[in-house]
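Q: Quick one: sequence plus predicted model below, questions after.
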Amino acid sequence: MERRDFLKSLTAGAAIASLTPALSAVSDPSAAPDASANPKATPNASPRANLTAGSKASPKPHVLFLMADQFRWDCMGCAGNRVIRTPNLDAIAHEGVVFQNAYSSTPTCTPARAGLLTGQAPWHHGMLGYGAVAEHYPVEMPRCLREAGYYTFGVGKMHWFPQKTLHGFHGTLVDESGRVESPGFISDYRRWFRDEAPGQDPDATGIGWNDYQAGVYALDEKLHPTVWTAQTALEQIRRCDPAVPLFLKVSFARPHSPYDPPARFMNLYKEEDMPAAVVGDWAAKYAPHADPPPSDAWHGDLGEVQALKSRRGYYGSVSFIDEQIGKIVQTLKDRGMYDNTLILFTSDHGDMLGDHNLWRKSYAYESSAHVPMLLRWPRNMGMEGKRGTALPQPVELRDLLPTFLDAAGAPIPKSVDGASLLELVRGNTAKWRPWIDLEHAVCYSKENHWNALTDGRFKYIYFALDGSEQLFDLRKDRGERRDLSNDPAYSAILKEWRERLTRHLAERGPSYVVDGKLVKGRKNMLYGPLIPVDEATSVR
């Protein structure tokens, strides 16, 4: 996409002043002494706090890694959505690039985060479906940046196990959406909420973590976890030393359900303005549902009205996050750090929102596996002619770790499967991968067990249970309305993609490929043989 065409889809954004929460950090004891100081005496304690007026700029670029949970690729103005209001994300795109074909290889929360952490493909990091992220990997994003001289801090949803694991961060302040998976665990957000709003219920809105219903946030907006995450992040920026390179991960728990924006963001949208759910000619099998349907249903035609209601709440949550991102970026500017900061925005996976009569995630379809990805680089890196453009190459979450290391001037470990996105920005496209692999172990139902490949033009899906296949021409049919697997005109293309997947899976042995053919009815495998095993937690 040319710059002049791309810029037509963008609008400007503004930032608003912020609140200052009192927080307690979980910090690595190997950091500077004040990292584990009394949290009440030293809110947001940071080893790099207490600035001097003469602080100089960092010789390496700062890295701001923004992500939002369950954020659809098509819910940004810069992605061509004419309804959604995302001026701050659009501004990042204006100063950088949009990757048009970005994917999450294993599109649920934890395996996607394992790919982010390690820079590896699912088979190599070992998580083939929704399980527990290993406690330690030989190569981990925060540790790599720390070893490259960065002060590393994580804010928001990590979704690791144990939940206070640092993976190389100097410190974290986490919001785990109510999950208690480690003995005695309470998230930093809930601890702050308890002190800030004694006697109130952080879940007062009454919508579950995987529910399809939407509703206005029932409490004061300043108590919302989206606000807490942003304010915690900007406090880290305010307190950091600009002379020390900063790696800051900011991970919003929304727009993942509950779809619960404050009233002012819900009121930005009307149900009649929401895009209707897309339903393919193959999706009728997912329409039936219990009566009444469970609030956390993964499939079912719940009616056009419900889909629009859910989307209205989801869109409101997206715009709420966008405003908070604007505040974070403005704080970088206020500190004089913005021009020397690489910013990357993405998600762990999307959200079906009723498309193809499906809800939630874990599917190979675009609404689930296709994710947003924006990259903005510092001014001194040049490449000015690439700003405000879109790139079509297939990219994936494994590419973030090598991108950050490339920007830092640090070596990329040999175990990393991903490649630096900066290479595409530089125009070095000849050796880029031709397609990306996708997969998911059984989730919700034994039928939902698949492997897939896509190059952004075609997508091929193989279902392990019965060997059925799907083929979509994404250039003509991004909504995947028409399955071409039984169309004689596409038989050669189907065969080509089937053979590609067979070659890709061959390294896994006879559980996947026998005599040059994909195995039908194979046993479900949640963890591959390469996942690190921790004897204390028996993660396998």
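A: In hand now; what should we look at?
Q: List the residues that contact Glu447.
A: Contacts for Glu447 (Cβ atoms under 8 Å, 6 or more residues apart in numbering) come out as Phe463, Leu465, Asp466. For the C-beta atoms, the positions are set from N, CA and C on the backbone; glycine is no exception.
Q: Nearest to Arg457 among these?
A: Phe463 (21.3 Å; Cβ to Cβ).
Q: separation between that closest one and Trp359?
A: 19 Å (Cβ to Cβ, to the nearest Å).
Q: just the CA coordinates of stretch 313-328, formatted as CSV?
A: C-alpha atoms of stretch 313-328 as CSV (Å, rounded to 0.1, in the frame of the first residue of the first chain):
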residue,chain,number,x,y,z
GLY,A,313,-19.0,-3.3,24.0
TYR,A,314,-15.9,-4.7,22.4
TYR,A,315,-15.4,-1.5,20.2
GLY,A,316,-15.8,0.6,23.3
SER,A,317,-13.1,-1.4,25.1
VAL,A,318,-10.8,-0.9,22.1
SER,A,319,-11.3,2.8,22.1
PHE,A,320,-10.7,3.0,25.8
ILE,A,321,-7.4,1.2,25.4
ASP,A,322,-6.5,3.5,22.5
GLU,A,323,-7.0,6.5,24.8
GLN,A,324,-4.7,5.0,27.4
ILE,A,325,-2.0,4.2,24.8
GLY,A,326,-2.2,7.9,23.9
LYS,A,327,-1.4,8.9,27.5
ILE,A,328,1.6,6.5,27.5
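Q: Give me the mean pLDDT for it.
A: Here stretch 313-328 scores 98 as its mean pLDDT.
Q: can you pull the contacts of Thr108?
A: Counted by Cβ under 8 Å, 6+ apart, Thr108 has contacts Gly129, Tyr130, Asp348, His349, Lys361, Ser362, His440, Cys443.
Q: Which of the residues you listed fall in helices?
A: The helices, defined by DSSP state H, take in nothing from these.
Q: got those residues as a markdown table, with distance to Tyr527 and neighbour count columns?
A: Listed next are the contacts of Thr108 as a markdown table, based on distance: Cβ to Cβ, whole Å; neighbours: other Cβ atoms under 10 Å:
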| residue | distance to Tyr527 | neighbour count |
| --- | --- | --- |
| Gly129 | 8 | 21 |
| Tyr130 | 11 | 20 |
| Asp348 | 18 | 27 |
| His349 | 19 | 30 |
| Lys361 | 19 | 29 |
| Ser362 | 16 | 26 |
| His440 | 13 | 28 |
| Cys443 | 14 | 21 |
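Q: show me the contacts for Arg522.
A: Per Cβ under 8 Å, 6+ apart, neighbours of Arg522: Ala464, Ser511, Tyr512.
Q: tell me which element it falls in.
A: Following DSSP states H and E, there is no helix or strand that holds Arg522.
Q: ok, it to Ser511 distance?
A: For Arg522, the distance to Ser511 - Cβ to Cβ - is 6 Å.
Q: And the helices in the protein?
A: Along the chain, counting by DSSP H, helices occupy 3-7, 87-94, 109-118, 122-125, 141-147, 188-196, 225-239, 263-266, 304-334, 366-369, 400-408, 421-425, 491-505.
Q: where does the stretch 351-500 of the chain dip in pLDDT?
A: Applying pLDDT under 70 to the stretch 351-500 of the chain flags no residue at all.
Q: In it, mark out all the strands, start to finish.
A: 373-376, 389-396, 436-440, 450-454, 458-463, 469-473 (DSSP state E, counting those that start in this stretch).
Q: Which elements pack onto the second one?
A: Same thing as strand 389-396. The criterion is 3 or more Cβ pairs under 8 Å, 6 or more residues apart in numbering; DSSP states H and E, and the helices and strands that strand 389-396 contacts are helix 3-7, strand 97-103, helix 421-425, strand 436-440.
Q: Just put the ones you listed in a markdown table and tack on distance to Arg146.
A: Shown next, in a markdown table, are the helices and strands packed on strand 389-396 (distance: least, Cβ to Cβ, whole Å):
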| stretch | distance to Arg146 |
| --- | --- |
| helix 3-7 | 35 |
| strand 97-103 | 26 |
| helix 421-425 | 20 |
| strand 436-440 | 28 |
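Q: of the ones you listed, which approaches Leu308 most closely?
A: The minimum distance between Leu308 and these falls on strand 97-103, with 26.7 Å, by Cβ to Cβ.
Q: which helices and strands does that closest one pack with?
A: strand 373-376, strand 389-396, helix 421-425, strand 436-440.
Q: So which of the ones you listed is nearest Lys309?
A: Comparing the helices and strands packed on strand 97-103 against Lys309 with Cβ to Cβ, the closest turns out to be strand 436-440 (27.5 Å).
Q: Strand 458-463 and that closest one, what's the angle between them?
A: Orientation of strand 436-440 against strand 458-463 (axes from the mean of the first three to the mean of the last three Cα atoms, to 10 degrees) gives an angle of 30 degrees.
Q: Which neighbours in the sheet does strand 436-440 have, and how are they oriented?
A: Sheet pairing of strand 436-440 (DSSP bridges) gives strand 450-454 (antiparallel).
Q: Tell me which residue is most central in the protein.
A: Geometric centre of the chain, nearest residue: Ser347, 1.7 Å, by Cα atoms, centre = their mean.
Q: Relative to Thr205, how far out is that residue?
A: Going from Ser347 to Thr205 by Cβ to Cβ gives 22 Å.
Q: Same check on Pro59?
A: Between Pro59 and Thr205 the distance is 46 Å, computed by Cβ to Cβ.
Q: what about these two, which has more around it?
A: Thr205 (18 against 11; other Cβ atoms under 10 Å).
Q: so what's the more buried one up against?
A: Contacts here follow Cβ under 8 Å, 6+ apart; on that basis Thr205 touches Gly215, Val216, Tyr217, Ala218, Leu219, Pro258, Asp260.
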